[in-house]
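Student: Mind looking at a prediction? Sequence and model below.
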Amino acid sequence: MSTVLEARQQGHAYQVLVGPVARRIAGFTQGRDRVALVTCARVLATPHGRRVAAALHREGRVAAIVILPDGERGKTLAVLERSATKLMRAGLTRRSLVVGLGGGAVTDAAGFLAAVFMRGIDWLAVPTTVLAMVDAALGGKTAVNLPLSKNAVGAFHPPVGVLADPASLATLPPRELRSGLGEVLKYGFLRPELLPGLAAEARAGRAGERTIAACAGVKLEIVERDPREKAERKLLNLGHTFGHGVEAAGGFSRWTHGESVAIGMAFAFRLARRMGRVGEAEVEKVEAVLLGAGLPVTVSPSAARKARLLMTHDKKRSAAGLLWVLPIRRPGGWAVEWDVVADPAAVREAAREIGRPG
Ligand SMILES: NC(=O)c1ccc[n+]([C@@H]2O[C@H](COP(=O)([O-])OP(=O)(O)OC[C@H]3O[C@@H](n4cnc5c(N)ncnc54)[C@H](O)[C@@H]3O)[C@@H](O)[C@H]2O)c1
Ligand SMILES: [Zn+2]
């Protein structure tokens, strides 16, 4: 079984396949003079990694295998230079294909490499984490980091296809899986009609084909309507403003991205309640769903204070201050709105609520 989603973005169409991927690879390598596999050692060593590599080798066009340092260490300009040099030496041309196999760090780095190598060649995304399947590999944003700031150098360069095999998640460390479920639940909070199904999966610590496809579908639909994040795409940042503050407050190691976003979503609902947009029931529901998936919704008082101060460096700002993605009560549930201005006192109070002695 697999699910096929059609992605359309700025005149470019591609398919997102959720299901067994190895036998789909050939369809993307045909007609290419050369293929470069860009991955990391940990993923290449998994059964899924070996299957994908074997499928590419069967096609006989693999000219280079680029092994990136794991995680964020693979998203640097120095690594990009080394990778591009390797593609050049292996004879890749504009008719070649880059295959990015791994988590969001690999798909970001491989996508950006493809975006700039010879001013842009095609790439295929083979995401292997929940986060990469429902977020990073979709929507065409690619980037590497600067020491000063994450994702500071990047390009919009959608892949020619996305092959997401939920079976590959079997080897994912439990904390990475849970972290990805934080983003899964974000889609549930953006689309309350999906929430019961997504919450049940998250509680069971699973992300199967239907879950991945449902979340990917929401992201693709939003990105299609607003590819450049002028309006609706901002919804995807639900929980991310305070969440980025939490990530920074923890030195980018104490909390994973998904954990930080979970805390940020609890914050967003608490801020909305402070502003009279939702009631206590909505806050309780959202926190129960997050806690049920094993995700945090509070931090220590000092971390909450630090997160509040650090989030003022967030990119999504206007002259009026931070612009928020916040829920608002609707008959039978809530809707989520973007570009909401919040009173600094309400922000302080909501941060105080999130900070609880552990
Ligand atoms: N481009 C976008 O729109 C976008 C959106 C969200 C996040 N991102 C980026 O995604 C990155 C985070 O992605 P991530 O959460 O997937 O983390 P990651 O790519 O760092 O992977 C997490 C860890 O899991 C390992 N791993 C990956 N797949 C595995 C598997 N199947 N089995 C065993 N181990 C596996 C990796 O080697 C790594 O150690 C960040 O750099 C972030 O900036 C990009
Ligand atoms: Zn995120």
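Tutor: Here it is on my side, so go on. Ligands and ions are numbered 1, 2, ... in the order given.
Student: Helices along the stretch 51-200 of the chain, start to end?
Tutor: Assigned by DSSP state H, counting those that start in this stretch, the stretch 51-200 of the chain shows helices spanning 77-89, 104-116, 130-131, 174-190, 195-203.
Student: Who are the packing partners of the fourth one?
Tutor: Which is helix 174-190. On a contact count with 3 or more CB pairs under 8 Å, 6 or more residues apart in numbering; DSSP states H and E, helix 174-190 meets helix 130-131, helix 195-203, helix 209-225, helix 257-274, helix 280-292. The C-beta positions use only the backbone N, C-alpha and C, and glycine is treated the same way.
Student: give me that answer again for 6 Å
Tutor: helix 130-131, helix 195-203, helix 209-225, helix 257-274 (3 or more CB pairs under 6 Å, 6 or more residues apart in numbering; DSSP states H and E).
Student: near ligand 1, which residues of the stretch 51-200 of the chain?
Tutor: Counting by CB under 6 Å from any ligand atom, the stretch 51-200 of the chain comes close to ligand 1 at 70-72, 75, 102-106, 108, 128-129, 131-132, 135-136, 139, 141, 150-151, 168-169, 171-172, 176.
Student: Name whatever forms a beta bridge with the residue nearest to Ala152 when sequence neighbours are not counted.
Tutor: Spatially, and ignoring its direct neighbours in sequence, Ala152 is nearest to Leu146 (4.2 Å; CB to CB, 6 or more residues apart in numbering). With DSSP bridges as the criterion, Leu146 is bridged to Ser149.
Student: What separation do you get for Leu146 and ligand 1?
Tutor: To ligand 1, Leu146 is 13 Å away according to CB to the nearest ligand atom, to the nearest Å.
Student: ditto for Ala114
Tutor: Distance, Ala114 to ligand 1, by CB to the nearest ligand atom: 13 Å.
Student: Give the burial count for Thr171, as a bare number.
Tutor: Number of residues near Thr171 (other CB atoms under 10 Å) recorded here: 15.
Student: Help me confirm that it comes into contact with Leu44.
Tutor: No. Using CB atoms under 6 Å, Thr171 makes no contact with Leu44, being 11.6 Å away.
Student: can you list the domains in the protein?
Tutor: 3-171, 174-354 (automatic domain parsing).
Student: Please consider this matter closed, and thank you.
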